[in-house]
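> Compute the structure for the input listed below.
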Amino acid sequence: MDELEVWDDLSNIPADPPTMRELCQNCERPMVVCWCSALPPQRLNPRSRIILLQHPAEEKRCLRTAPMLKLGLSENKCLIYKGKKFPQPKHEYLEDILNEPNTVLLYPSKTSIDISCLENKCDNYNLILIDGTWPQAKAIYASSPILHNIKQVKLLTNTISSYIIRTQPTEGCLSTLETAAEALSQLEGDPKYREQLVQPLHTLCQYQLDNGAVTHQSKEFLIKTKTYPKLIGKRLSRLLRSTENSLVTT
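Here you go, the predicted model:
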């Protein structure tokens with residue numbers, strides 16, 4: 001056998017498959033970083049339901065919070081639709097939901113009202129949240145005219161995000177999970193949503209911190225303390241002004 005034949009044989013030897021970490025069948029994360037033990041003892045069953053309009057890029061994030069929300073609430077109390085504009089033919093029943101009179105959109109526009117000021121908080125609301133960064137949320141809103149006709153609400157709270165391993169744009173920004181938990185607590189008049197739904201996020205952050213992650217201050221804080229490492233651009237400047245008293249899901 002000559003040298004070329006030897007190399008040919010060697011090149012056809014299959015590579016050993018990568019060692020796969022055991023995954024949790026519930027959250028589909030590696031068992032070592034599973035946060036399911038921190039989920040509510042029983043899935044919470046609010047009168048209202050959360051409808052997430054999720055930008056496709058969010059699904060690629062390994063530390064996203066939408067799965068925590070979906071697993072923390074009862075079946076069909078958190079519906080997730082993916083896309084860059086809504087509704088699309090693939091979004092089953094979404095157009096009907098968006099047209100229902102009890103549907104409200106959490107979006108910090110000039111016409112939005114405080115969610116705590118809704119006249120009939122005991123109603124079963126469809127609470128629409130846009131799941132993405134602020135630029136992604138604005139793009140989804142702009143490309144989805146049906147959203148412009150929905151009553152808009154905003155969330156006013158002094159809560160500081162517990163998502164301390166991810167940099168937020170401003171001090172008032174909350175993750176998707178935290179936003180939904182706070183909104184449900186106000187709509188349902190029950191703090192258990194705020195207290196129980198965010199526990200998996202605390203578990204996730206603590207694991208990351210224990211394994212080398214560091215806490216992140218918001219860009220707003222870094223800019224105010226003159227420790228932001230880059231020059232601030234016009235878009236970020238506008239964002240800080242526009243979200244001064246509002247919350248943006250991330």
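> alpha carbons only for contacts and neighbour counts from here, please
Fine.
> quick one, what contacts the closest residue in space to Tyr125 that isn't next to it in sequence?
Excluding the flanking residues, the one nearest Tyr125 by Cα to Cα, 6 or more residues apart in numbering is Ser48, at 4.6 Å. For Ser48, the contact set (Cα atoms under 8 Å, 6 or more residues apart in numbering) comprises Lys77, Asp123, Asn124, Tyr125, Asn126, Leu127, Leu184, Leu187, Glu188.
> are any of those residues buried, and which?
Among the contacts of Ser48, those buried by neighbour count (16 or more other Cα atoms under 10 Å) are Lys77, Tyr125, Asn126, Leu127, Leu184, Leu187, Glu188.
> Now the third one: closest residue in space, sequence neighbours ignored.
Right, Asn126. Nearest to Asn126 is Thr103, by Cα to Cα, 6+ apart, at 4.5 Å.
> The one you found against Asp96, yeah?
No - between Thr103 and Asp96 there is no contact under Cα atoms under 8 Å: 10.1 Å.
> Give the residues shared as contacts by these two.
In contact with both Thr103 and Asp96: no residue, using Cα under 8 Å, 6+ apart.
> Which one of the two is surrounded by more residues?
A count of neighbours by other Cα atoms under 10 Å puts Thr103 above the other of Thr103 and Asp96, at 19 against 9.
> Could you report the neighbour count for Tyr93?
As a burial measure, Tyr93 scores 10 neighbours (other Cα under 10 Å).
> quick one: low-confidence ranges for this protein?
The chain contains residues with pLDDT under 70 at 1-20, 62, 121-122, 164-172, 213-250.
> now the residue most central in space within it: how far from Gln25?
With distances taken as Cα atoms, centre = their mean, the residue of the chain nearest its centroid is Thr176 (3.1 Å). Thr176 sits 23 Å away from Gln25, taking Cα to Cα, to the nearest Å as the criterion.
> can you map out the strands along this protein?
Secondary structure of the chain by DSSP state E: the strands cover 49-54, 78-82, 103-106, 113-114, 126-131, 151-154.
> right, and those strands - which one's nearest His202?
Among the strands of the chain, strand 126-131 comes nearest to His202, with 19.6 Å by Cα to Cα.
> Note down every partner strand of that closest one and its orientation.
Each strand paired with strand 126-131, and its direction, by DSSP bridges: strand 49-54 (parallel), strand 103-106 (parallel).
> And for that strand, what's in contact with it?
Against strand 126-131 from outside (Cα under 8 Å, 6+ apart): 48-55, 58, 97, 102-107, 137, 140, 176, 180, 249-250.
> Quick check: ChimeraX command selecting the buried ones in those residues.
Selecting the buried subset of the contacts of strand 126-131 in ChimeraX, with 16+ other Cα under 10 Å as the burial test, is done by:
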select :48,49,50,51,52,53,54,55,58,102,103,104,105,106,107,137,140,176,180,249,250
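> what's the spacing between the residue nearest to Gly72 when sequence neighbours are not counted and Ile80?
Sequence neighbours aside, Arg43 is the residue nearest to Gly72 in space, at 5.1 Å (criterion: Cα to Cα, 6+ apart). Going from Arg43 to Ile80 by Cα to Cα gives 17 Å.
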